[in-house]
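>>> Need coordinates for the following:
(2 chains)
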Amino acid sequence: SQTIHQWPATLVQPVGSPLSLECTVEGTSNPNLYWYRQAAGRGLQLLFYSVGIGQISSEVPQNLSASRPQDRQFILSSKKLLLSDSGFYLCAWTKGPIGNQPQHFGDGTRLSIL
Amino acid sequence: AQRVTQPEKLLSVFKGAPVELKCNYSYSGSPELFWYVQYSRQRLQLLLRHISRESIKGFTADLNKGETSFHLKKPFAQEEDSAMYYCALNGANSKLTFGKGITLSVRP
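I've put the predicted structure just below:
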């Protein structure tokens, strides 16, 4: 069966420090991968999605970047964190490239910037 | 552009009362719509999708293309239905657009 792992579960970082959040999927190949930020009152905001290795689409201008070095690995990064980067980050995958597939979510990472 | 609107942030009902969580969408193509649910301390997960025309945990949702709506309904709410519900639209490139979500609170 397919599983998705996201870590760390919580992270506290100082302003200006770098960031690396990792997400891996097991049990499937060529998934579509997604990074979301979930904020109270704003719902789920899509940050990045990827349909293949090295292919990244950015949805909103921001201080973050994403990379997909391997088929089932998706990384969310920043060189210098801002206070506004605090939030709850969710990774998700769908069976790609077929559409109308449900998304499967990880447990999320709670990121706090001090 | 694709957009999903959930006009209410919170719905509070008593156990046994009917529930309707509203969802409207905007999309130029043929829409594929979903409802996702997040129970307390659990992962966000798929509840149902319009193409399946199924009833899950007593919930149903009918796609109304004329009104561009996909409202989620349940005739008799249960306490365990209390959760955060998101409506989502699958558009170009298998990209899901979510609404802002609504918190459903079912009181005993």
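
>>> Give me the local confidence score for residue A:41.
pLDDT for residue A:41: 68.

>>> On the pLDDT front, check the residue nearest in space to the middle of chain A for me.
The centroid of chain A falls nearest to residue A:35 when counting by C-alpha atoms, centre = their mean (2.9 Å). On pLDDT, residue A:35 comes in at 95.

>>> surely residue B:18 meets residue B:81?
No: assessed by C-beta atoms under 8 Å, residue B:18 is found out of contact with residue B:81, at 11.6 Å. For the C-beta atoms, the positions are set from N, CA and C on the backbone; glycine is no exception.

>>> So between these two, which is more surrounded?
Counted by other C-beta atoms under 10 Å in any protein chain shown, residue B:18 and residue B:81 do not tie: residue B:81 has more neighbours, with 20 against 10.

>>> Now do the contacts for that one.
By C-beta atoms under 8 Å, 6 or more residues apart in numbering or on different chains, the contact set of residue B:81 is B:19, B:57, B:74, B:104, B:106.

>>> Let's see that with 10 Å instead.
Listed by C-beta atoms under 10 Å, 6 or more residues apart in numbering or on different chains, the contact partners of residue B:81 are B:13, B:15, B:19, B:37, B:39, B:57-59, B:74, B:104-106.

>>> same deal with residue B:37?
Contacts of residue B:37 (C-beta under 10 Å, 6+ apart): B:43-48, B:56-57, B:59, B:72, B:81, B:83-86, B:101, B:104.

>>> Buried only: go through those residues for me.
In terms of neighbour count (16 or more other C-beta atoms under 10 Å in any protein chain shown), the buried residues within the contacts of residue B:37 are B:43-44, B:46-48, B:59, B:72, B:81, B:83-86, B:101, B:104.

>>> Just put the residues you listed in CSV and tack on pLDDT and secondary structure.
Formatted as CSV, the buried ones among the contacts of residue B:37 follow (pLDDT from 0 to 100; DSSP: H, G, I helix; E, B strand; the rest coil):
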residue, pLDDT, secondary structure
B:43, 92, coil
B:44, 93, coil
B:46, 92, strand
B:47, 95, strand
B:48, 92, strand
B:59, 96, strand
B:72, 97, strand
B:81, 98, helix
B:83, 97, strand
B:84, 94, strand
B:85, 96, strand
B:86, 95, strand
B:101, 93, coil
B:104, 97, strand
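
>>> need the residues you listed in JSON lines with distance to residue A:83, can you?
As requested, the buried ones among the contacts of residue B:37 are exported to JSON lines (distance: C-beta to C-beta, whole Å):
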{"residue": "B:43", "distance to residue A:83": "27"}
{"residue": "B:44", "distance to residue A:83": "25"}
{"residue": "B:46", "distance to residue A:83": "33"}
{"residue": "B:47", "distance to residue A:83": "34"}
{"residue": "B:48", "distance to residue A:83": "38"}
{"residue": "B:59", "distance to residue A:83": "39"}
{"residue": "B:72", "distance to residue A:83": "36"}
{"residue": "B:81", "distance to residue A:83": "36"}
{"residue": "B:83", "distance to residue A:83": "30"}
{"residue": "B:84", "distance to residue A:83": "25"}
{"residue": "B:85", "distance to residue A:83": "30"}
{"residue": "B:86", "distance to residue A:83": "26"}
{"residue": "B:101", "distance to residue A:83": "24"}
{"residue": "B:104", "distance to residue A:83": "32"}
